[in-house]
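Peer 1: Generate a structure from the sequence data that follows.
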Amino acid sequence: MKRVAVVYNARSGALLAGADGSPAELLTQLFGRWDVTADVRAFNPETVGAEMGQLLAARPDAVIVAGGDGTVRTVAARMLGGDVPLGVLPAGTMNVLARDLGVPDDLERAVAALLTAPVERIDVATVNDQPFLCSSMLAMMPHLGRLREHARGRFRLSAVRLLGRAVRLLRRYPRMRLTIVVDEQEYQARTRAVVVSCNPLAAGPPPMPGRDRLDAGTLAVYVTNDRTNWDLLAVAGKLFRGNWQQDPRIRRYEGRAVQVRSSGPAMMSVMSDGEIAQLSVPLRYDLQPRALAVLAPKQAS
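Peer 2: Residues are numbered from 1 along each chain as shown. Below is the predicted model of the structure:
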């Protein structure tokens, strides 16, 4: 590679930690060490469409995103169906896609890995026509996400205090009655946690299981069948230990099209790749096979 476009999220702590200058200067230096010219832009959700149009028109060898899964998702939405590959520098909280692609956690090693990585094409899922790359979460999960963002945005909570607030939410949050339709097959659920994953999850390290394949062409739906607060805590514990796959309290369905219906409000909170939105019910999930070109260091190992 000789020339890349780099979009960075200025709020990313991973970019700011230990940097003597600005994130833009740091990124320019990291790519410059490999004699790669980087057109570095700060991520702005209000102007990202126009920015991406300009960057892609210049035909860079790749577009590199330095940020979390939400930033990656927003940029990737402007790259669907194209040939310019997307690279991910893990600079967010979860970095799910970066981990699934085999990108090292360290920024310097990550740059080196991306510049020598092969190009692969991965599936992209949509919910109500809004794309996501990793997972979409319903019921109590978006509310836990809001709690995390509130804690991070105002002051840092200790793990114990954050856990205490999560437990209080768990005690108060009601089970939702949902109808989940997978490839026209209906399933009834009374649950507080639903995850729709772009390709099935595998056993993996905490805090979020990874995926063995990103091009399997399948949506995977995970629904907790929790009758008590202890059930949900036990499932969470198994999730963090990596032995959740066989737990009978988790129902799993797979298909190419998913719909989620509810007899409750006409709008539902949905957290897709860490970003929360209010979407109209029923929720419609679809899959776009191999719609996004990416740099995949895992494939080079």
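Peer 1: Can I take it that residue 110 is in a strand?
Peer 2: No - with DSSP: H, G, I helix; E, B strand; the rest coil as the criterion, residue 110 is located in helix rather than a strand.
Peer 1: Please look at it and residue 90 and confirm they touch.
Peer 2: Yes - with contacts counted by CB atoms under 8 Å, residue 110 reaches residue 90, the gap being 6.3 Å. To be clear about C-beta, it is placed using only N, CA and C from the backbone, and glycine gets the same treatment.
Peer 1: Tell me which of these two has more neighbours.
Peer 2: A direct count of neighbours by other CB atoms under 10 Å for residue 110 and residue 90 places residue 90 higher, at 26 against 23.
Peer 1: Can you list phi and psi of the residue nearest to the more buried one when sequence neighbours are not counted for me?
Peer 2: Spatial nearest neighbour of residue 90, chain neighbours left out: residue 98 (3.8 Å); criterion: CB to CB, 6 or more residues apart in numbering. Phi and psi for residue 98, reported as degrees, to the nearest 10, are phi -60, psi -40.
Peer 1: Ok, residue 289 next?
Peer 2: phi -60, psi 130.
Peer 1: same question, the one 10 residues further on
Peer 2: Geometry field for residue 299 lists phi and psi as phi -70, psi -10, criterion degrees, to the nearest 10.
Peer 1: which regions of the stretch 101-250 of the chain lie under the pLDDT threshold?
Peer 2: 143-173, 204-208, 229-230, 232-233, 235-244 (pLDDT under 70).
Peer 1: hey, where'd the strands end up in it?
Peer 2: 119-127, 130-132, 135-139, 176-182, 185-191, 193-198, 219-224, 250-255 (DSSP state E, counting those that start in this stretch).
Peer 1: Pretty sure residue 89 is one of the things residue 63 touches, is it not?
Peer 2: No - counting by CB under 8 Å, residue 63 stays clear of residue 89, with 11.3 Å between them.
Peer 1: Just want to know which of these two has more residues nearby.
Peer 2: Neighbours per residue, other CB under 10 Å: of residue 63 and residue 89, the larger number sits with residue 89, 27 against 24.
Peer 1: Quick check: which element contains the more buried one?
Peer 2: strand 86-90 (DSSP states H and E).
Peer 1: which helices and strands sit right next to that strand?
Peer 2: Helices and strands touching strand 86-90, by 3 or more CB pairs under 8 Å, 6 or more residues apart in numbering; DSSP states H and E, are strand 62-67, helix 69-76, helix 96-101, helix 107-115, strand 283-295.
Peer 1: Now do the second one against strand 86-90: the angle between them, please.
Peer 2: Read that as helix 69-76. 160 degrees (axes from the mean of the first three to the mean of the last three CA atoms, to 10 degrees).
Peer 1: Likewise for the first one?
Peer 2: Using the same axes, to 10 degrees, the direction of strand 62-67 lies 30 degrees away from that of strand 86-90.
Peer 1: Out of the strands of the stretch 101-250 of the chain, which is closest to residue 44?
Peer 2: Within those, the stretch nearest residue 44 is strand 130-132; the backing value is 19.0 Å (CB to CB).
Peer 1: That closest one pairs with which strands, and in what direction?
Peer 2: Partner strands and pairing direction for strand 130-132 (DSSP bridges) are strand 119-127 (antiparallel).
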